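Visitor: Sequence and predicted structure below; questions after.
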Amino acid sequence: MSDAPAQDKGKVLLVDDDKFLLDMYSVKFTQQGYTVHAALSVKAAIDVLKGGFAAQAVVFDLVMPQENGFSLLEQIRADKLIPGASLIALSNQSDESEKKRAEELGASRYIIKASMIPSEVVTAVGEEIAKGKK
C-alpha cells in the first residue's frame with residue numbers, strides 16, 4: 001500500500017502471485033499518480049475490496065495458485081463489488097478462449113504481459129479508468 005500522491009489519478013488494485021511483478025507495477029502506478037493496493041492472492045484482493053478500497057481498476061493475473069483470475073472476476077460479480085470499475089487481465093496466456101472467458105466475466109481489457117512494457121500497462125489502465133468516468 002502507498003500514500004496518496006498530490007494528484008490522484010485513481011485507485012488501482014493489483015493482484016498477482018509474483019511479488020517481484022507486484023512490487024514493480026506498484027512502483028510504476030504510484031510514480032504516475034495512482035493510489036495502489038497490492039494483493040498476492042484472490043482472497044487478499046477480495047478482503048481489500050470488502051474492506052472498502054474503492055478501486056477504479058483491478059489489474060489481475062489469470063494464472064495464480066489456489067484461486068485464479070477467473071475466480072476473482074466471479075467473486076467480484078457475485079458480491080457486486082466495485083460496480084463500474086475496470087477489470088483488466090494481465091496475463092502471459094495468449095489463449096483466445098481464456099480472453100473470451102475473461103471478457104464474459106466482465107474484464108474490459110486483456111493484456112498479454114510480454115506485449116507491453118510496464119509504462120504502457122499503466123497508460124492502458126489509465127485509458128480504461130477514463131472510459132469508466134464518462
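Guide: Alright, I've got the coordinates. Please read all numbers here as calculations on a predicted model, not as lab measurements.

Visitor: Which residues are in contact with the most centrally placed residue in the chain?
Guide: Computing the C-alpha centroid of the chain and ranking residues by C-alpha atoms, centre = their mean puts V59 first, at 1.3 Å. When contacts are counted by C-beta atoms under 8 Å, 6 or more residues apart in numbering, V59 touches 12-15, 25, 88, 90, 121, 125. All C-beta atoms are positioned from the backbone trio N, CA, C, and that covers glycine.

Visitor: so how far is the helix or strand where V36 lies off the chain centroid?
Guide: Element membership for V36 (DSSP states H and E) is strand 34-39. Chain-centre distance of strand 34-39: 9 Å, with C-alpha atoms, centre = their mean, to the nearest Å.

Visitor: Could you tell me the average pLDDT over that strand, please?
Guide: The average pLDDT for strand 34-39 rounds to 97.
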